[in-house]
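Student: Got a sequence here, can you model it:
(chains A and B)
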Amino acid sequence: MATMTLGTPPARRSELLARLRSGTVGNLARALAGNRKAMAGTVVLAFFAFCAVFPGVLASDNPNAEIYARAAAPSAAHLLGTTSYGQDVFAQLVWGTRQSLVIALVVGGLATVLSVAIGVTAAYLGGIADDVLSLFTDVFLVIPAFPLIVVIAAYSKNGGDTILIAVLVATGWSYGARQLRSQALSLRSRDFLVAAKLRGERRWRIIVFEILPTMTSLIVANFLGAALYAVLAAAGLQFIGLGNPSSMSWGTMLYWAENNEALQAGMPLWAIMPGIAIALLGGAFSLLNFAFDEIGNPALRPVRRARGRRNP
Amino acid sequence: MGYVVRRLGFFVVTLWSCLTINFVLPRLMPGNPAIAMMARFRGRVNGQVLHALEIAFGVDTKQSEISQYFGYLGDTLTGHFGVSLTFFPDTVLQVVRSAILWTVVLVGVTTIIGFVLGTLIGMISGWRRGSKLDSILPPVFVVTSAFPYFFVALLLLLAFSITLGWTPLGFGYSNTDTIGWTWHYIGDVLDHAILPACTILITSIGGWILTMRNNMITTLAEDYVRMARAKGLSPARIMMDYAGRNAILPNLTGFAMSLGFVVSGAILVEYVFSYPGLGYMLLEAVQNEDFALMQTLFLLITVAVLVAVLVVDFVTLVLDPRTRSER
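Tutor: Residues are numbered from 1 along each chain as shown, chains lettered A, B, ... in the order given. Predicted coordinates for the structure are as follows:
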C-alpha cells in the first residue's frame, strides 16, 4: 500500500528537517560517513580538490619556468628534483592537478547525463524504442574505446581540451546507460509509478521526479565510474602525445618524461610521481564507486556491519 | 536458435558501425586531414597508390559520397586495405600480418589467464565471506584496477629492466636472433613478453575478482544454494556447481564488455615496451599520419574484440540452459 503523503507539505520546520534527514541525500551522506572505503576516497579527493583550487599555496614555483638547474636530484629547494628542461617537478605536479580533475569531473558529469537520458528513456519507453536504444548502447560498449579515441585524436590533431572532453564523453557513457536501463526496468511495474501514471503525470515528469530519485546511488556510482575512466583515458592519450603537449597536466608530464627517457637518465621521480597522482585520483574514484555499490546493494556490505543495521 | 541469430546480428551491426565510423570520421573533421597527408607524400609514392588513397579518404574525387561509401565497404570487406605510407611499399595487409600474432598471443593468453585466475579467486573470496582473504583482496584490487596500464608498465620497466637488468628493455625479441622455432628464440621471446604480460595481468585481474566476488555473494543467498546445503552436498560441489556456475554468467557478459578495456590498455603496454604488436603499430601509424594503416588497425582490433565476444556468447550457450530455450 502506498501511503498518500506525497502532496501534503510538512507542517513544521522540524518535521521538514526530519524528512530531509531520512531522505535520499541524508541517507547517502550517512552511509558515506559509515563506510571506511568511502571515507578514504573522500579524503584523497578533497586533497586533490584543494591542490586544484589553490595550487599556489603548496607550490610557489612557476611550473613552466625553465630557470633551475637541469635534471637535479631532489633537494630542499626542489622536493622532487627538476626536469631536463630545468622545471620544478613538484610545482608541475601540484599545478597539473587542476586539469586532470576538471576533465574527470566534466566528463563524469556529461557522460552520466547521457547515460541517464538514454538508459532510463529506453527502459521507460520499452518496445522498439528500447530495442534500438539498447542496440545503440551495446554497440558503443563493445567497440574498444581507446583505439577509437586514438583515431579521433589523430584526425583532429591539436584540437584542444574541448575535443578531448567530447571524445571521452562519447566513448564513456554506454556502460552506465546499460546499468541504469536494467535498474529502471526493474522499477517499471512498481506501485508508485502506476500511481503516478494514474494521476495523469506527464512522461518526462515521471522519469525526472519519480524514477530518478530512486536511483540516486546508482547514478552517483556511474558518475564515479565515468570520472575514473576519464582520468585514465585522458592520461593515456596525453602520455602518447595526443593531448595538448603544452598543457599542464599529469599525462603531459609523463609524455615529456618518457620523451626525455627520465627513467634511464636518473630522473625517475619525474615519471613516477605523476603516475602515482593519477593512480591515487583514480583509486579515490574507484573506492568511492565500490562504496556506493555497497550502499546501493546492502548484500555486498562487509559482514560485520551488515548485521543488525536496518534502514528506517 | 533465436539467441544465436540475435548475437550474430549484433556482430554484423557492430562491424558495420565500425566501418561507417572509419568512413565518416576523416570527412567530418574540419579541413580533411587526409589532404595534408597526401601533400606530404606527393612525389614519394606513385600516382596509382595516391589515387586509391584519394578515393578512400574522399579527397578530390568526382564520385558522390554514397558511391564512395559503398566503394569503401566493398574494398574493406574484400581485404583491400590499401598501402601503408609508413612502411611503403608494403601494403597495409602485409604490415598487419607481421604484427597480429604478437598481439593475439600476448593479449589473448594474458586475458584468459587473468579471467580464469580472477574468477577463481573471486569465487573463493565470495564463498569464504569475511575471511582474511576476503577482507584483504577486494580493497587491494579496487585500488590496483584504477592504476593506469602504462604506469604499471613503466614501474615494472624501471624495477626489472633498468635497475635489476633481469629483463630486456623492450621489443619482442633480440636483434641478434635468427627467427625460427628454436629453443633459443622461443626463450628469448618469452623473456621479452614477461613484463608486458605481467602488466596486463596486474591491472586486469582486479576487475574479474571483484565482479565475481559480488556475483557470488548475491548467488549464495539463493534458495537453491540453501537447498544444496540441506541435501548435505560437499562444500566444494556447492561452491563450484551450484553457486559458481550461476555466478559466472554475469561475469561472462562482463568479460565481453571489459575486453575492450583490456585491449585498450594493451595498446599502451605495447607502446611502453615497444612490443611489435597491433597497438604499437597503431600508435606508429598515428605518429606518421598513416591513416590507411591506422583505420585498418582500428577495424582489426574491433573485429578481434567482436570475435571474442561471439565466442563468449557461445560459451554462455553451453553454460546457461536458459539461453537455449525458445524465447
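Student: Is it correct that A:Leu254 is in contact with A:Ile276?
Tutor: No: counting by CB atoms under 8 Å, A:Leu254 stays clear of A:Ile276, with 11.0 Å between them. Just so you know, the C-beta spots here come from the backbone N, C-alpha and C atoms, and that holds for glycine as well.
Student: what do those two both touch?
Tutor: B:Phe151 (CB atoms under 8 Å, 6 or more residues apart in numbering or on different chains).
Student: From chain B, how far out is A:Phe292?
Tutor: 12 Å (CB to the nearest CB, to the nearest Å).
Student: Check the gap between that residue and A:Ser286 for me.
Tutor: Per CB to CB, to the nearest Å, A:Phe292 is found 11 Å from A:Ser286.
Student: Now list whatever residues contact both of the two.
Tutor: Residues touching both A:Phe292 and A:Ser286 by CB under 8 Å, 6+ apart: A:Leu224.
Student: Now do the contacts for residue 29.
Tutor: Since you didn't name a chain, this refers to chain A. For A:Ala29, the contact set (CB under 8 Å, 6+ apart) is empty.
Student: that answer is for a different chain, and I need it for chain B
Tutor: A:Tyr155, A:Ser156.
Student: A:Leu228 is in contact with A:Phe285, isn't it?
Tutor: Yes: with contact defined as CB under 8 Å, A:Leu228 reaches A:Phe285; the gap is 4.0 Å.
Student: Mind listing the shared neighbours of those two?
Tutor: Common neighbours of A:Leu228 and A:Phe285 (CB under 8 Å, 6+ apart) are A:Ala104, B:Ala146.
Student: So which residues on the stretch 1-150 of chain A come close to chain B?
Tutor: Counting by CB under 8 Å from any CB of the partner chain, the residues of the stretch 1-150 of chain A lying close to chain B are A:37, A:135, A:138-139, A:141-148, A:150.
Student: ok, 10 Å please
Tutor: The stretch 1-150 of chain A comes close to chain B at residues A:36-37, A:40-41, A:135-136, A:138-150, as judged by CB under 10 Å from any CB of the partner chain.
Student: Could you tell me which of these count as buried?
Tutor: Neighbour-count burial (16 or more other CB atoms under 10 Å in any protein chain shown) is assigned, among the residues of the stretch 1-150 of chain A next to chain B, to A:37, A:40-41, A:135-136, A:138-150.
Student: where does B:Tyr275 land in three-state SS?
Tutor: Following DSSP: H, G, I helix; E, B strand; the rest coil, we place B:Tyr275 in the coil state.
Student: With A:Glu261 as the reference, measure out to it.
Tutor: Using CB to CB, we find B:Tyr275 at a distance of 18 Å from A:Glu261.
Student: What residue in chain B comes nearest to chain A?
Tutor: Per CB to the nearest CB, B:Ser264 is where chain B lies closest to chain A, at 3.0 Å.
Student: now that residue, nearest residue through space, not along the chain?
Tutor: Residue nearest to B:Ser264 in three dimensions, not counting chain neighbours: A:Phe146, with 3.0 Å by CB to CB, 6 or more residues apart in numbering or on different chains.
Student: Report the contact partners of the one you found.
Tutor: Applying CB atoms under 10 Å, 6 or more residues apart in numbering or on different chains to A:Phe146 gives the contacts A:171, A:232-233, A:236-237, B:149, B:260-261, B:263-268, B:279, B:282, B:301.
Student: hmm, back to that, tell me which of B:Tyr275 and A:Glu261 has more neighbours.
Tutor: More neighbours surround B:Tyr275 than the other of B:Tyr275 and A:Glu261, with 24 against 13 (other CB atoms under 10 Å in any protein chain shown).
Student: tell me the pLDDT at the more buried one?
Tutor: Looking at B:Tyr275, its pLDDT reads 84.
Student: For it, grab phi and psi.
Tutor: Main-chain torsions, B:Tyr275, degrees, to the nearest 10: phi -80, psi 120.
Student: cool, and A:Asp88?
Tutor: Dihedral pair for A:Asp88: phi -80, psi 120, per degrees, to the nearest 10.
Student: Please name the bridge partners of it.
Tutor: On the basis of DSSP bridges, A:Asp88 takes part in beta bridges with A:Thr82.
Student: For B:Tyr185, the count of nearby residues, please.
Tutor: B:Tyr185 has 15 nearby residues by other CB under 10 Å.
Student: in the chain, which residue is closest to the centre?
Tutor: Picked chain A for this. Central residue of chain A (CA atoms, centre = their mean): A:Ala227, 2.2 Å from the mean position.
Student: wait, I meant chain B there
Tutor: Central residue of chain B (CA atoms, centre = their mean): B:Val263, at 2.8 Å.
Student: And the pLDDT for it?
Tutor: pLDDT, B:Val263: 79.
Student: buried stuff in stretch B:240-257?
Tutor: Those would be B:242-244, B:246-249, B:251-252, B:254-257, for stretch B:240-257 by 16+ other CB under 10 Å.
Student: meant to ask about stretch B:314-327
Tutor: B:Thr316, B:Asp320, B:Thr323.
Student: Can you tell me which of these has the lowest confidence score?
Tutor: Among the buried residues of stretch B:314-327, B:Thr323 has the lowest pLDDT, at 71.
Student: Would you pull up how far the host helix or strand of that one lies from the middle of the chain?
Tutor: Assessed by DSSP states H and E, B:Thr323 sits inside helix B:321-324. Relative to the centre of its chain, helix B:321-324 is centred 27 Å away, using CA atoms, centre = their mean, to the nearest Å.
Student: now do stretch A:58-65
Tutor: On CA atoms, centre = their mean, the centre of stretch A:58-65 falls 27 Å from that of its chain.
Student: hmm, the helix or strand harbouring A:Trp256 touching chain B?
Tutor: Using DSSP H and E, the element containing A:Trp256 is helix A:250-259. Yes: for helix A:250-259, a contact with chain B is found by CB under 10 Å from any CB, at A:Trp250, A:Gly251, A:Leu254, A:Ala257, A:Glu258.
Student: of these, buried ones?
Tutor: The buried subset of the residues of helix A:250-259 next to chain B - by 16+ other CB under 10 Å - is A:Trp250, A:Gly251, A:Leu254, A:Ala257, A:Glu258.
Student: how about JSON lines for these, with distance to A:Leu281 and pLDDT added?
Tutor: Shown next, in JSON lines, are those (distance: CB to CB, whole Å; pLDDT from 0 to 100):
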{"residue": "A:Trp250", "distance to A:Leu281": "8", "pLDDT": "89"}
{"residue": "A:Gly251", "distance to A:Leu281": "12", "pLDDT": "87"}
{"residue": "A:Leu254", "distance to A:Leu281": "14", "pLDDT": "87"}
{"residue": "A:Ala257", "distance to A:Leu281": "18", "pLDDT": "83"}
{"residue": "A:Glu258", "distance to A:Leu281": "20", "pLDDT": "81"}
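Student: In this structure the residue nearest to the centre of chain A contacts A:Phe48, no?
Tutor: No: taking CB atoms under 10 Å as the definition, A:Ala227 is not a contact partner of A:Phe48, at 11.6 Å.
Student: Now list whatever residues contact both of these two.
Tutor: A:Leu101, A:Ala104, A:Leu281, A:Ala284.
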